[in-house]
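Chemist: Make a model of this:
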Amino acid sequence: MFKYYAHRVKGLKVESDDLDPPIIRALHSSRSCLFPKLRYLWWNDFKYESLPALKPFAGPALKILRLSLSPWPGKDSDSGEDSESEGPNSEDDNASEERESEKIRKSLRDIFSYVGQASHNLEELSLVDDYEESFPGCGEQSSLILSAMPLVPCVVLWNELSNETLSSLSKMPNLRSLACHYYYSPYDCDDTYSVWEALTLGEQTLEFSALGI
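Modeler: Numbering: from 1, shown residues only. Okay, here's the model as predicted:
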């Protein structure tokens, strides 16, 4: 019955409440595309624990992928309290946190590289930050995802346009269309920069040859 209807599904939105741990484990163990004709996917659950379940939704029919961003483990605060800690165990704790962060980054790179390869006909990638203010690590997330899927021709950003994001965008050889609907000024003022102005900010000169810049 599932296979009969699965072949009819062309659009899908996955919410955070849709995925509990048993479902995530079942999806993670799947070795084939669940919806072979799926053309549009909005993955509205960017919790780190849920991301392995994204892989069986990827397939050659997928044209548009929309991802909602949220903090990674250890990236949800920027208080700096840990940096002020002293004692014999502080260096060990920092090293342990860095190893864990690198483990998370590698896991995410593997997931999104798989999605990019499986969805090799992907035409549009949207990254959405639903937070009122960009959370610590948002730019790093966007950069990592874009680096893992460099052949996408159209990128739509609903999040802060950071230097990390710009650097990854500049390395996408097939990029033909770039839309930025949300951008905070680096000078903490009320001005909103156009995409063109944003691309010219920063010390590094970036080349967007595919966009004709």
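Chemist: gap between stretch 49-60 and the chain center?
Modeler: Counting by Cα atoms, centre = their mean, to the nearest Å, stretch 49-60 is centred 13 Å from the centre of its parent chain.
Chemist: how about it: buried residues?
Modeler: Along stretch 49-60, these residues count as buried under the neighbour rule (16 or more other Cβ atoms under 10 Å): 50-59. C-betas here are computed from N, CA, C, even on glycine.
Chemist: Identify the residues contacting Y114.
Modeler: Y114 makes contact with 55, 58, according to Cβ atoms under 8 Å, 6 or more residues apart in numbering.
Chemist: measure it to C138 for me?
Modeler: Computed with Cβ to Cβ, to the nearest Å, the distance linking Y114 and C138 is 22 Å.
Chemist: so V14, which of the three states?
Modeler: Following DSSP: H, G, I helix; E, B strand; the rest coil, the label given to V14 is strand.
Chemist: what helix or strand does the residue nearest to it when sequence neighbours are not counted sit in?
Modeler: Excluding its sequence neighbours, the residue lying closest to V14 (Cβ to Cβ, 6 or more residues apart in numbering) is W43, at 5.3 Å. Element membership for W43, per DSSP states H and E: strand 40-44.
Chemist: Next, the buried residues of the very next helix or strand once past that strand.
Modeler: Sequence-wise, the next helix or strand downstream of strand 40-44 (DSSP H and E) is strand 64-69. By 16+ other Cβ under 10 Å, the buried positions in strand 64-69 come out as 64-69.
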